[in-house]
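# fold the following and give me the result.
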Amino acid sequence: MRAIQVRRNGGPEVLELTEIDTPGPGPGQLLVEVAASGVNFIDTYQRSGIYSVPLPFTPGSEGAGRVAAIGDGVTDFAVGDHVAWAMTPGSYAERAVVPADKAVRVPDGVEDRTAAAAMLQGMTAHFLVTSTHPVAVGETALVHAAAGGMGLLLTQLIKARGGTVIGTVSTADKERLAREAGADQVIRYTEADVAESVRELTGGRGVDVVYDGVGKSTFDASLASLRPRGVLVLFGAASGPVPPVDPQRLNSAGSVFLTRPSLAHHILSRAELDQRAGDVFGWIADGTLTIRVGATYPLADARQAHEDLEGRRTTGKLLLVP
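As a prediction, the model looks like this:
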């Protein structure tokens, strides 16, 4: 079968399309014909070596497709079932081995591509607004990169919970997408100072919570945008990792809170995985959540997908389609 392999850490050029043996499912595993795999910033962190992964490896942390074979001991799935998964490596391939306890069944009426696009970012948005900082009616949130895959999902879920969204974007087209998703106010960070604009929009108070998946280039503005005892949720590093922070800065900013959560720690049990995935699929079905696929790429163009993602030339979700 064909798969993308990373044999050395580096830029997008290290993503190589290769022929490898089709794996067989071991005990407790599924072999899945991949219909689509999601492209996420965590894939770029692993490719570059920011996150250490033993070499060589096949990247890709989420996907969806049809079960082609099952391993010993699997009782909850059968050949032909449509399943999706997240936080499981090896999705940039025509077939992937997925632990059965990490897979969820795709409901009728949800296409595989939509499921692949919804798993990692959808469940991440879920825990960010329900667990990390449960957004309350009347609260105001600052969402960075509001036209990206995560930004669009966060905006919709914050609005569904009765919150107000201030989004940041770089262009007029991205502003339009953010507003269509429900953003109440949009700041073009290429034209205005984000923290100053937030203060103006909130009457000097600041926001209750900042959702920041950008990292290095936005951290200072995020901190300066919070109200006293507000929460800075740092969930990614699209612009690079944030340098070490003196905890005294949190005091100076108003006794604010800083947290760096990840999805893996929010789907530790089967019950939690089922709950978060079930909620996301339910929101898609009832129209609460719209998944916007910004671009699809053939497997051979994984390099281009990474270049586009890291170059901030994208909106919505990116998919590889084997």
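# show me the chain divided up by domain.
What automatic domain parsing lists as the domains of the chain is 2-120+268-321, 137-260.
# for the longest one, measure first residue to last.
Chord length of domain 2-120+268-321, first to last residue, is 12 Å (C-alpha to C-alpha, to the nearest Å).
# quick check: mean pLDDT across that domain?
Averaged across domain 2-120+268-321, pLDDT comes to 96.
# that one: how far from the chain's middle?
Domain 2-120+268-321 has its C-alpha centroid displaced from the chain centroid by 12 Å (C-alpha atoms, centre = their mean, to the nearest Å).
# what of the last one?
In terms of C-alpha atoms, centre = their mean, the centre of domain 137-260 is set 16 Å apart from its chain centre.
# for the domains of the chain, could you give me TSV that also reports mean neighbour count and distance to Leu128?
Just so you know, the C-beta spots here come from the backbone N, C-alpha and C atoms, and that holds for glycine as well. Putting these into TSV (neighbours: other C-beta atoms under 10 Å; distance: least, C-beta to C-beta, whole Å) gives the following:
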stretch	mean neighbour count	distance to Leu128
domain 2-120+268-321	19	11
domain 137-260	20	6
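# can you give me the helices in this structure?
Remark: helices assigned in the chain by DSSP state H are 41-48, 112-127, 149-160, 172-181, 194-201, 219-224, 248-252, 270-286, 302-310.
# tell me which of those helices lies nearest to Asp208.
Smallest distance to Asp208 across the helices of the chain (C-beta to C-beta): 10.4 Å, for helix 149-160.
# other residues contacting the closest one?
Contact with helix 149-160 is made by 117, 121-122, 124-126, 128-129, 135, 141, 143-146, 164-165, 167, 177-178, 181-183, 211, 213, 235-236, 283, 288-292, 294, 315-318, as judged by C-beta atoms under 8 Å, 6 or more residues apart in numbering.
# repeat the analysis, applying 7 Å as the threshold.
121-122, 124-125, 128-129, 135, 141, 143, 145-146, 165, 167, 177-178, 181-183, 211, 213, 288-290, 292, 316-317 (C-beta atoms under 7 Å, 6 or more residues apart in numbering).
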